[in-house]
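A.B. asks: no FASTA, just this:
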């Protein structure tokens, strides 16, 4: 099992955890809108680090982005497997063609 699946499983398990004992549970309890806001904040921080060129800081921020993406997805009951299915559907298709088909 990949680390992303392990993380996704942990996040799913925390949905019913005590928010006083789990940051993930606290975030999920605040609802999808707050989860999306946190994802956006982390994405902006990653963008800032990408422009600076510090690989260690960008790596750290990228980890935050992936975590918050998984939390945001969990808040809407979308699994990592659901995202993989969509990526597989797009595999081998030109990005330009895929975008035009939307």
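C.D. replies: Thanks, I have the structure now. All values derive from a computational prediction rather than experimental measurement. Numbers count the residues shown, from 1 in each chain.
A.B. asks: alpha carbons only for contacts and neighbour counts from here, please
C.D. replies: Noted.
A.B. asks: what are the ranges of the helices in this structure?
C.D. replies: Assigned by DSSP state H, the helices in the chain fall at 3-14, 23-29, 32-52, 55-75, 80-90, 95-100.
A.B. asks: Throw these into JSON lines and include mean neighbour count and mean pLDDT, thanks.
C.D. replies: Shown next, in JSON lines, are those (neighbours: other Cα atoms under 10 Å; pLDDT from 0 to 100):
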{"stretch": "helix 3-14", "mean neighbour count": "15", "mean pLDDT": "96"}
{"stretch": "helix 23-29", "mean neighbour count": "19", "mean pLDDT": "97"}
{"stretch": "helix 32-52", "mean neighbour count": "17", "mean pLDDT": "98"}
{"stretch": "helix 55-75", "mean neighbour count": "19", "mean pLDDT": "98"}
{"stretch": "helix 80-90", "mean neighbour count": "12", "mean pLDDT": "94"}
{"stretch": "helix 95-100", "mean neighbour count": "10", "mean pLDDT": "74"}
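A.B. asks: so who does the residue nearest to the spatial centre of the chain touch?
C.D. replies: Residue closest to the average C-alpha location in the chain (Cα atoms, centre = their mean): residue 69, at 1.4 Å. Residue 69 is in contact with 36, 39, counting by Cα atoms under 8 Å, 6 or more residues apart in numbering.
A.B. asks: repeat the analysis, applying 10 Å as the threshold.
C.D. replies: By Cα atoms under 10 Å, 6 or more residues apart in numbering, residue 69 lies in contact with 8, 35, 36, 38, 39, 40, 42, 43, 63, 75, 80.
A.B. asks: mind checking how far it is from residue 36?
C.D. replies: 8 Å (Cα to Cα, to the nearest Å).
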